[in-house]
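Peer 1: pasted the sequence and its predicted model underneath.
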Amino acid sequence: MLTTAQFAEHFQVAYTTVMTWLQREIVPGARRVPTPRGDVWEIPASTLLTFTPPKQGRPKKKAEPSAKKTGVKKAKKGSAK
């Protein structure tokens with residue numbers, strides 16, 4: 001079994017990133033174990049072979065044609081032409 005710190009070190013990510021993955025339940029086989037000092041996460045060592053970390057950052061927005069790209073100018077509100 002691995003700790004969250006060991007798991008983070010293996011994938012070269014922050015501890016908080018691993019905690020987010022665990023809370024979202026995307027780490028297979030991980031389980032929360034109660035202890036007298038609070039709950040800890042146990043991650044099976046076999047997960048290192050099968051787990052693929054999700055891409056970091058926000059997903060890219062879908063490209064929408066804008067006025068600048070299409071060359072079409074939008075009229076300002078309240079202007080009469």
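Peer 2: Received it, and whenever you're ready, just let me know what you need. Residues are numbered from 1 along each chain as shown.
Peer 1: end to end on stretch 34-48, go ahead and measure it.
Peer 2: 23 Å (C-alpha to C-alpha, to the nearest Å).
Peer 1: buried residues in that stretch?
Peer 2: Using 16 or more other C-beta atoms under 10 Å as the test for burial, stretch 34-48 gives 41, 43-44, 47. C-betas here are computed from N, CA, C, even on glycine.
Peer 1: which residues are contacting it?
Peer 2: Contacts of stretch 34-48 with the rest of the structure, by C-beta atoms under 8 Å, 6 or more residues apart in numbering, involve 1-4, 6-7, 10, 19, 22, 27-33.
Peer 1: quick one: the strands in the protein?
Peer 2: 31-33, 40-42 (DSSP state E).
Peer 1: tell me who's in contact with the residue nearest the centre of the chain.
Peer 2: Per C-alpha atoms, centre = their mean, the C-alpha nearest to the average position across the chain is that of Gln56, at 5.4 Å. By C-beta under 8 Å, 6+ apart, the contact set of Gln56 is 13, 17.
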